[in-house]
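Asker: Just the structure for this:
(one chain, ligands or ions: 2)
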Amino acid sequence: MKAEIISMTQDRLDMEGIKRAGEILMRGGLVAFPTETVYGLGGNALDPRASKKIYAAKGRPSDNPLIVHIADMESLDRIVTEIPDQARVLAETFWPGPLTMIFPRAECVPMETTGGLDSVAVRFPSDRIAQELIRAAGGYVAAPSANTSGRPSPTLAAHVAEDLGDGIDMIIDGGPVGIGLESTIVDFTGKIPTVLRPGYISLEMLQEILGEVAMDRGLLITDKNIRPKAPGMKYRHYAPKAELTVVEGEEAEVVMAIRKLAEEEGDEVGIIATAETREQYPKGIVKCIGSRAHEETIAQHLYEVLREFDECRVTRIYSEAFYTPKMGQAIMNRLLKAAGHKIIKAQEVLKHDSIGM
Ligand code: AMP
Ligand code: MG
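Answerer: Ligands and ions are numbered 1, 2, ... in the order given. The predicted structure follows:
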């Protein structure tokens, strides 16, 4: 099945196209659509057959639950059994927006959608195309990122077509997404609200409103025995074909270290640089991810750059580390996952004449 592709923008919605897309979803079909975070692969969240189709299309392990997308606050009451006051406050502050919250699941949400869990993840996106589609589909759209499982999440409709163009019914092309990284996930099923996945809405922003907020231990510790609570966070994700290594340290030292490593590697090396450093790498295929002065541009382009390297003949990629002030936590979470947690210190590289890696 070749997906039909329709195009529109936030300001010029094609309501006729959205109506057709909604009908596809109500019949149990799959439609990929833009959100402010990444492109989602939508199916009717209350239809177990649709959820099964999503897992099959993505090649996603069936224990990795889907996020249910809604387009108004009232819809939340129908799919969860309890909404803590703190969650209501977060909803008032950040919804519609890039925040997913986890609640106890109501009976009407099938286990196929929640990956067998008794909790359900819910998000109210701010993208207008997404909102209208959810309404047209009856109010509840399960939508994981619209990529083949394990590949970088899609930030352009072309990425969706590349991965899923032959296996779904429709792709709505709404242009490049705004944020470029998946939503922040906050779990409300324990004693203390806990971040299971960092995103645009940072731990600090949440703490400012709620006071105590924890970070899932599985995210902080690279210990194989401590599993992240979000099942999806345990999988190696976003992985480019080439081996990716992150280099951390002072900016000037990082540049020198990557230059040295590229020198040793020869030509088939890729480098992820920034607008501030790109001119300083004479060797290798250098891609500029964005500017440190505008950290949101780094988030926006991370997945696109990883995908672009899959088209290049590089066997090894070195990336600068991006511990930027606001989105650094989310960017580094994704970059380190892509690198299989391979990170080295610039100083260590510069200390040795040549390093065995
Ligand atoms: P994606 O849909 O690709 O953005 O991934 C959704 C993420 O949310 C995955 O990491 C899931 O494991 C996580 N998730 C969804 N529902 C739940 C839930 N009920 N409990 C914990 N994590 C969840
Ligand atoms: Mg995903």
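Asker: burial of Glu82, as a residue count?
Answerer: 10 (other CB atoms under 10 Å). From N, CA and C alone the C-beta is placed, and that goes for glycine too.
Asker: tell me the SS of it?
Answerer: Three-state call for Glu82 (DSSP: H, G, I helix; E, B strand; the rest coil): coil.
Asker: ok, how many other residues are close to the residue of the stretch 151-300 of the chain found nearest ligand 1?
Answerer: For the stretch 151-300 of the chain, the residue closest to ligand 1 is Gly232, as judged by CB to the nearest ligand atom, at 2.2 Å. Neighbouring residues of Gly232 were enumerated by other CB under 10 Å; the total is 23.
Asker: now do Lys19
Answerer: 12.
Asker: Who does Gly270 form a beta bridge with?
Answerer: Counting by DSSP bridges, Gly270 is bridged to Ile285, Ile317.
Asker: And it, what's its pLDDT?
Answerer: Listed pLDDT for Gly270 reads 96.
Asker: what number of residues lie near it?
Answerer: 25.
Asker: Show the residue spans covered by the helices in this structure.
Answerer: 15-26, 48-58, 74-79, 85-94, 128-136, 157-164, 203-210, 217-220, 251-265, 295-310, 328-338, 346-351 (DSSP state H).
Asker: so does the longest one get close to ligand 1?
Answerer: No - Helix 295-310 stays out of contact with ligand 1 when judged by CB under 6 Å from any ligand atom, the minimum separation being 12.1 Å.
Asker: Tell me what angle that helix forms with helix 157-164.
Answerer: 40 degrees (axes from the mean of the first three to the mean of the last three CA atoms, to 10 degrees).
Asker: what's the closest of the helices of the chain to Val38?
Answerer: Ranking the helices of the chain by proximity to Val38 (CB to CB) places helix 295-310 first, at 7.3 Å.
Asker: is stretch 107-118 up against ligand 1 anywhere?
Answerer: Yes - judged by CB under 6 Å from any ligand atom, stretch 107-118 and ligand 1 are in contact via 114, 117.
Asker: Start and end of that stretch, how far apart?
Answerer: One end of stretch 107-118 to the other measures 9 Å (CA to CA, to the nearest Å).
Asker: buried ones in it?
Answerer: Neighbour counts over stretch 107-118 (16 or more other CB atoms under 10 Å) mark 109-110, 112-115, 117 as buried.
Asker: cool, stretch 51-59 as well?
Answerer: Buried residues in stretch 51-59 (16+ other CB under 10 Å): 51-55, 57-58.
Asker: nearest to Tyr39, of those residues?
Answerer: Lys58 (12.0 Å).
Asker: What is the neighbour count of the spatially closest residue to that closest one that is not a sequence neighbour?
Answerer: Spatial nearest neighbour of Lys58, excluding adjacent residues (CB to CB, 6 or more residues apart in numbering): Ser149 at 4.8 Å. Counted with other CB under 10 Å, residues neighbouring Ser149 total 17.
Asker: ditto for Ile209
Answerer: Ile209, neighbours per other CB under 10 Å, totals 15.
Asker: residues in contact with it?
Answerer: 89-90, 93 (CB atoms under 8 Å, 6 or more residues apart in numbering).
Asker: Please pick the buried ones from these.
Answerer: In the contacts of Ile209, burial by neighbour count holds for Leu90, counting by 16+ other CB under 10 Å.
Asker: Tabulate the contacts of Ile209 (a markdown table), appending pLDDT.
Answerer: Conversion of those to a markdown table gives the following (pLDDT from 0 to 100):
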| residue | pLDDT |
| --- | --- |
| Val89 | 97 |
| Leu90 | 98 |
| Thr93 | 98 |
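Asker: between the contacts of Ile209, which is nearest ligand 1?
Answerer: Nearest member of those to ligand 1, counting by CB to the nearest ligand atom, is Leu90, at 16.2 Å.
Asker: circling back to that earlier point, can you add distance to Val269 and pLDDT and give the buried residues of stretch 107-118 back as JSON lines?
Answerer: Below are those laid out as JSON lines (distance: CB to CB, whole Å; pLDDT from 0 to 100):
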{"residue": "Val109", "distance to Val269": "47", "pLDDT": "98"}
{"residue": "Pro110", "distance to Val269": "47", "pLDDT": "98"}
{"residue": "Glu112", "distance to Val269": "44", "pLDDT": "96"}
{"residue": "Thr113", "distance to Val269": "43", "pLDDT": "97"}
{"residue": "Thr114", "distance to Val269": "43", "pLDDT": "97"}
{"residue": "Gly115", "distance to Val269": "38", "pLDDT": "95"}
{"residue": "Leu117", "distance to Val269": "42", "pLDDT": "97"}
